[in-house]
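> using only what follows, build the 3D model:
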Amino acid sequence: MARMIEATKHPYGPSVGRLVDRLAALPGIGRKTAERLAQHLLGCDEDDALGLSDAIRDVRQSVHHCQRCFNLTEGDLCDICRDSRRDQHVVCVVEQAKDLLSLEATGIFGGLYHVLGGRIAPLSGVGPDDLTISQLVTRVRKEGVTEIVMGTNPTLEGDGTALYISNLLANDNVRITRLARGIASGSVLEFANREMLADALRGRQDF
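Residues are numbered from 1 along each chain as shown. Here you go, the predicted structure:
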């Protein structure tokens, strides 16, 4: 009786297998796409392949949070915080840096931002102390902020986070607004189109 050949998970070897596993773990990348990307990296010039790894290493080593708004940057302050032409007294609060990018793409908002680093989600073990809420309150009180635009996602947790922040600032002399509901409830900013976000910014209202 012929001996059964032991099946291997990755027929091209463990190195390729690890690469495919890493690529497949990226958002929006399925197993088949990961395998195609791995094949491309194997077939391209060595300089191009190693250039990708160098770029990833540089990003991980060089990019960190802005000391003021917690956006991603390579310096102490991000480009938005350094821009003196922006309204220094209006701050839009968002959950993640990707949400900031979505709002910036509209070209409508001329103020500053504050990135919370997430939203309050008790069931996931995320509380107020896990976010940059205390730093936001400090900014409002020290920098003379006159308006806070709640740009959290219109979800149960996003609205709960906005409500928590508004309660903290209830006794401060600051106007609290939120994005107009041109953004459908339950959606996320990352997937909203430019026109929808522009309308939401123009039509913001008191919280």
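
> contacts, neighbours, all on C-alpha from now
Noted.

> could you point out which element follows the lengthiest helix in the chain?
Across the chain, the longest stretch assigned as helix under DSSP state H is helix 46-62. Next helix or strand after helix 46-62 toward the C-terminus (DSSP states H and E): strand 64-65.

> got the domain ranges for this protein?
Split into domains by automatic domain parsing, the chain comes to 14-62, 78-206.

> just the strands in this structure please.
Here the chain has its strands, by DSSP state E, at 64-65, 72-73, 90-94, 112-115, 147-150, 175-178, 205-206.

> now those in CSV, with distance to Pro122?
Below are the strands of the chain laid out as CSV (distance: least, Cα to Cα, whole Å):
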stretch, distance to Pro122
strand 64-65, 24
strand 72-73, 26
strand 90-94, 18
strand 112-115, 19
strand 147-150, 20
strand 175-178, 22
strand 205-206, 26
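
> can I get those in a markdown table with mean pLDDT, mean neighbour count and distance to Ala25?
A markdown table is the format used below for these (pLDDT from 0 to 100; neighbours: other Cα atoms under 10 Å; distance: least, Cα to Cα, whole Å):
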| stretch | mean pLDDT | mean neighbour count | distance to Ala25 |
| --- | --- | --- | --- |
| strand 64-65 | 94 | 18 | 22 |
| strand 72-73 | 94 | 18 | 22 |
| strand 90-94 | 98 | 24 | 26 |
| strand 112-115 | 98 | 26 | 25 |
| strand 147-150 | 97 | 25 | 32 |
| strand 175-178 | 94 | 20 | 34 |
| strand 205-206 | 78 | 14 | 39 |
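
> OK, contacts around the closest residue to Lys98 other than its chain neighbours?
Spatial nearest neighbour of Lys98, excluding adjacent residues (Cα to Cα, 6 or more residues apart in numbering): Glu190 at 6.6 Å. By Cα atoms under 8 Å, 6 or more residues apart in numbering, the contact list for Glu190 reads 98-99, 102.

> what's the most buried one of the domains of the chain?
Neighbour counts (mean count of other Cα atoms under 10 Å) averaged over each of the domains of the chain peak at domain 78-206, with a mean of 17.

> and it, how far apart are its ends?
Taking Cα to Cα, to the nearest Å, the first and last residues of domain 78-206 lie 28 Å apart.

> now do that domain: distance to the chain's middle.
12 Å (Cα atoms, centre = their mean, to the nearest Å).
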